[in-house]
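> return a 3D structure for these sequence lines:
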Amino acid sequence: MIRKMPSGALRADGQRMEEIMSEKNAVPLHIQTTEIYLRFYVFLGKCLDRCLDESEKASVPEQEFQRHFQETRTQVGERFASNQRVKDKLEQEYERVTQKAMSFTKNPNNETIRKELSQERELLKIKALTLSDLLAVFRST
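Numbering: from 1, shown residues only. Coordinates of the predicted model:
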């Protein structure tokens, strides 16, 4: 028969059982970082998808999409605050993608811009797939 430990129960060394359980359930920092990194690239890709495909834009209201995108961007800034080089690189990537998206929004019939967006989307897809695979490896170990 398994007994439930009373709240605040202590081990022989004085450590609370709740602390031990939360440590076991804690997600390692490298996995959290990879998840945030992946989410950032997914949102960058979705930003371009919303330009290229009206059905994508209709699937989630713009205000909700922007709210989630900004939350992710904030997480990226917080996570990489100690690594200015990575933080700057991600900020440049964000600026480049959103500028291209705005440019296309202003000129939706410009085939050159559409082609650039499609190429950028493919690059983001590759980055997201790579990070997704890396995350799977991290989680399996």
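
> okay, now the unreliable bits of the protein?
1-25 (pLDDT under 70).

> how much space separates the residue positioned nearest the centre of the chain from His68?
In the chain, the C-alpha closest to the average C-alpha coordinate belongs to Arg39, at a distance of 1.7 Å (Cα atoms, centre = their mean). Relative to His68, Arg39 is positioned 9 Å away (criterion: Cβ to Cβ, to the nearest Å). All C-beta spots, glycine's among them, are computed from the backbone N, C-alpha and C.

> tell me how far the helix or strand the residue nearest to the centre of the chain falls within lies from the chain's centre.
Under DSSP states H and E, the secondary-structure element containing Arg39 is helix 29-52. When distances are taken as Cα atoms, centre = their mean, to the nearest Å, helix 29-52 is centred 4 Å away from the chain's centroid.

> what is the subsequent helix or strand relative to that helix?
Toward the C-terminal end, the helix or strand that comes next after helix 29-52 (DSSP H and E) is helix 54-59.

> CA atoms only for that next one, dumped as PDB, please.
Output of helix 54-59 as PDB, limited to C-alpha atoms (Å, rounded to 0.1, in the frame of the first residue of the first chain):
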ATOM      1  CA  GLU A  54      -5.500  34.700 -46.300                       C
ATOM      2  CA  SER A  55      -6.800  31.600 -44.600                       C
ATOM      3  CA  GLU A  56      -3.900  31.700 -42.200                       C
ATOM      4  CA  LYS A  57      -4.800  35.300 -41.300                       C
ATOM      5  CA  ALA A  58      -8.400  34.300 -40.700                       C
ATOM      6  CA  SER A  59      -7.500  31.400 -38.400                       C
END
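
> no further questions, thank you.
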